[in-house]
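1. sequence and predicted structure below; questions after.
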Amino acid sequence: MAIHPSAIVDPAARIHPEAEIGPFCVIGPEVEIGARTRLMAHIYMEGPTWIGEDNLFYPYASVGVASQDLKYRGERAETRIGSRNRIREFVTIHRGTEGGGALTSIGDDNLLMAYVHIAHDARVGSHCILGNATTLAGHVTIEDYAIVEAFSGVHQFCRIGRHAFVGGYSVLTQDVLPFSMTVTPRDSKLFGANKVGLKRRGFESETVDALNKCFRLLTNESMNTSQAIEAIHEQVPPGKEVEELIEFIRSGKRGFIK
């Protein structure tokens, strides 16, 4: 086990023999770190926290610390991080709270760039990219393969759907539809399907075209959302991605960005 002599590791922490703890890291009790995960230097972790395999934490990241939510009273809550994530400099990940399920979770194969903040009870899926200084408020959900570019802020309880792309400096106060491209130069706006990202990930042209037609109907000012969904059923060829989009809208509580 490679633990630098300057690191402080609580005896109750569980560190895999193939993990690496670099200089000046501080690892608290009830922290579990999987095989080949590397903490480069100056990483601070509190438990209960579970971290999978092959992750790379860059200097000055902080993981599993108490929530900033003023309702938090020290109740037991957890942080779970999957495998093969890259957590860059000064990223902050706060554990959950009783009011949000007591769990903050991050999946696999994500890139969290420098200064990203993951607040209490947030859920980040897998294969996501969060750009520099992206800030997630409490209870935010980011689904698989979403990309949020630098300096964007996401309001509490908002969701960002699968394969969505959010442009830099965006301020999101409602849900972002799956497969969409959303940018907020001033007010949040939906610009249609995330064509480039979807094609890179192997989606057929017919699927992208169908999603684009859905977005045109959803942003048609002459129809409300219910009418737009009805028009989608009538005018757009059925497919699992179209159904996923409709279900995402129906399950939302904050509305979605048009």
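-> Cool, got the structure.

2. Gly167 contacts Thr182, correct?
-> Yes. Under the criterion of C-beta atoms under 8 Å, Gly167 makes contact with Thr182 at 7.0 Å. The way it works is simple: take the backbone N, C-alpha and C, and place the C-beta from them, glycine included.

3. could you pull out the strands for the stretch 101-250 of the chain?
-> Ranges of strands in the stretch 101-250 of the chain, per DSSP state E, counting those that start in this stretch, are 103-106, 111-112, 117-118, 123-124, 129-130, 135-136, 141-142, 147-148, 153-154, 159-160, 165-166, 171-172, 180-183, 189-193.

4. how long is stretch 132-146 end to end?
-> 15 Å (C-alpha to C-alpha, to the nearest Å).

5. next: stretch 97-114.
-> Across stretch 97-114, first to last residue, C-alpha to C-alpha, it's 25 Å.

6. tell me the secondary structure for Glu32?
-> Secondary structure, DSSP: H, G, I helix; E, B strand; the rest coil: Glu32 is strand.

7. look up how far Ile106 lies from it.
-> Glu32 is 15 Å from Ile106, where distance means C-beta to C-beta, to the nearest Å.

8. show me what counts as buried in stretch 10-23.
-> Across stretch 10-23, burial judged by 16 or more other C-beta atoms under 10 Å covers 13, 15-16, 19-22.

9. which one's more surrounded, Glu32 and Ile106?
-> Neighbour tally, Glu32 and Ile106, criterion other C-beta atoms under 10 Å: the higher count belongs to Ile106, 26 against 17.

10. show the pLDDT at His233.
-> pLDDT, His233: 94.

11. of all the strands of the stretch 101-250 of the chain, which one is nearest Val208?
-> Val208 lies closest to strand 189-193 among the strands of the stretch 101-250 of the chain, at 5.4 Å (C-beta to C-beta).

12. what's in contact with that closest one?
-> 177, 179-183, 208, 211-212, 215-216, 218-219, 257-258 (C-beta atoms under 8 Å, 6 or more residues apart in numbering).

13. out of those residues, which end up buried?
-> Of all the contacts of strand 189-193 considered here, the ones buried according to neighbour count by 16+ other C-beta under 10 Å are 177, 179-183, 208, 211-212, 215-216, 218, 257-258.

14. would you turn these into CSV with pLDDT?
-> CSV is the format used below for the buried ones among the contacts of strand 189-193 (pLDDT from 0 to 100):
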residue, pLDDT
Leu177, 96
Phe179, 95
Ser180, 95
Met181, 92
Thr182, 91
Val183, 88
Val208, 93
Leu211, 94
Asn212, 92
Phe215, 92
Arg216, 92
Leu218, 92
Ile257, 88
Lys258, 85
